[in-house]
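J.: Kindly return the folded structure for what I paste below:
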Amino acid sequence: MVLEDNECDSVFAPQITEENIETQYGKLHCTMTGTPRANRPVILTFPDVGLNHKTCFETMFEHMDMLEIIKNMPVCHVEAPGQNEGAKTLPTGYTYPSMDQLSEALPAVLKHFGLRSVIGLGVGAGAYILAKFALNHPDLVDGLVLININPNPEGIMDSVANKITEWTHTLPDTVITHLFGKEEIETNHDLIATYRHYISTTMNQSNVSQFLRSYNSRGALEVERPVPGGSINVRTLKCSTLLVVGDNSPAVEAVVECNSKLNPTKTTLLKMADCGGLPQVDQPAKVIEALKYFIQGMGYMSSASMTRLRSRTTSSSSISSFDGSRSRAHTNDLQRGRTHSRTEEKRGRSHTDVSMESVSNSNMDHMISKSTEVAC
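T.: Now for the predicted structure:
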């Protein structure tokens, strides 16, 4: 019997392994989906402050378009100590690891699962940690997709503002202002209420507070854009890198600055129009589309596996219809919060300047190898 594509999708059920991996800086909660293979990397995710792998990535990974990726590549979701759903309060006297230390805990994860290399997918603090990991262990990282990365340390004014915020706001409200921009907080009430609920009920508040302080104490990423004819020992990311940010994100200026500091021959900036602080939640289909082309550009997805993607991107209207009918929700609350987000995703497609769908398979390698800013 031959199964149709949609039937194959419905019966695909990868093996899921959940473990707490001991490292020199504490236990990292890891969820491995699928079985690692020797000839290709694993997608390794790391969420932002106040989020776990479900609230940060589930909208994206449960989207039907993502099936083509997870059928080809296993996924390892990593969470910092005490940041997984329902985590117990960290022991008294435990010193929360710095951003540098968290990045140095990741080799233990790769060793535990027998992974040769990874494609990192991080958001906010997670993006910073994965970038640090790639800088110090370039042989273990094939590529990076960094959403809302801030390469700069917290300045004096930022530090003072954060202290005042700690005194005058609850922890969930502080995290909300880190994740979302002012406009989104003021207009997308359902989504903000949903994530405030998640932060309050699924995350250990004491542990989140420690992770937030660690992130706010980060140093500079210490990367420098290579100059033709300059030093060959410039410290920079050596792997292909895709930077992603929504144009309404509080991190948009930081991401643009990060792009200016990276190797232009290996970096692409995807700036998403009409998109908020969490692009993978607000416009998951666009992020997945970019991720597919990014992975294919590294040679890990054949052109045959992209056939369905190309057929779906023949018109903006067909994509919008697909997103509306097939996006799945984690809970009823999240579904309610995403209703506005999917509307924004459709509206964003009608304002596309240069869409990822216009990039054909034949010129994807060129796109990856040339510094590009893509607005969509």
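J.: okay, CA-based contacts and neighbour counts for the rest of this
T.: Noted.
J.: all helices for the stretch 151-300 of the chain, in order.
T.: Here the stretch 151-300 of the chain has its helices, by DSSP state H, counting those that start in this stretch, at 156-168, 171-179, 182-187, 189-201, 205-216, 252-261, 279-282, 284-297.
J.: So for stretch 231-238, what gets flagged as buried?
T.: Within stretch 231-238, the residues that qualify as buried by neighbour count (16 or more other CA atoms under 10 Å) are Arg235, Thr236, Leu237, Lys238.
J.: Make JSON lines from the residues you listed and add pLDDT and distance to Gly229 to it.
T.: Putting these into JSON lines (pLDDT from 0 to 100; distance: CA to CA, whole Å) gives the following:
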{"residue": "Arg235", "pLDDT": "88", "distance to Gly229": "15"}
{"residue": "Thr236", "pLDDT": "92", "distance to Gly229": "16"}
{"residue": "Leu237", "pLDDT": "95", "distance to Gly229": "18"}
{"residue": "Lys238", "pLDDT": "93", "distance to Gly229": "17"}
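J.: Show me where this structure has its strands.
T.: In the chain, strands defined by DSSP state E lie at 16-23, 26-33, 42-46, 75-79, 118-123, 141-147, 240-246, 267-272, 372-375, listed in chain order.
J.: Just list whatever residues bridge to the residue lying closest to Leu291 once chain neighbours are set aside.
T.: When the adjacent residues along the chain are set aside, Leu291 lies closest to Val145, with 7.8 Å between them (CA to CA, 6 or more residues apart in numbering). Partner residues in beta bridges with Val145, using DSSP bridges, are Leu121, Leu242.
J.: Distance of Leu130 relative to Pro91?
T.: Here the criterion is CA to CA, to the nearest Å. By it, Leu130 lies 26 Å from Pro91.
J.: Comparing those two, which residue is more hemmed in?
T.: Leu130 (30 against 8; other CA atoms under 10 Å).
J.: OK, contacts around Gly86?
T.: Gly86 makes contact with Thr202, Met203, Asn204 under the criterion CA atoms under 8 Å, 6 or more residues apart in numbering.
J.: which of these tops the neighbour count?
T.: If you rank those by neighbour count (other CA under 10 Å), Met203 sits at the top with 23 neighbours.
J.: That one: what's it in contact with?
T.: Residues in contact with Met203, defined by CA under 8 Å, 6+ apart, are Gly50, Leu51, Asn52, Gln83, Asn84, Glu85, Gly86, Ala87.
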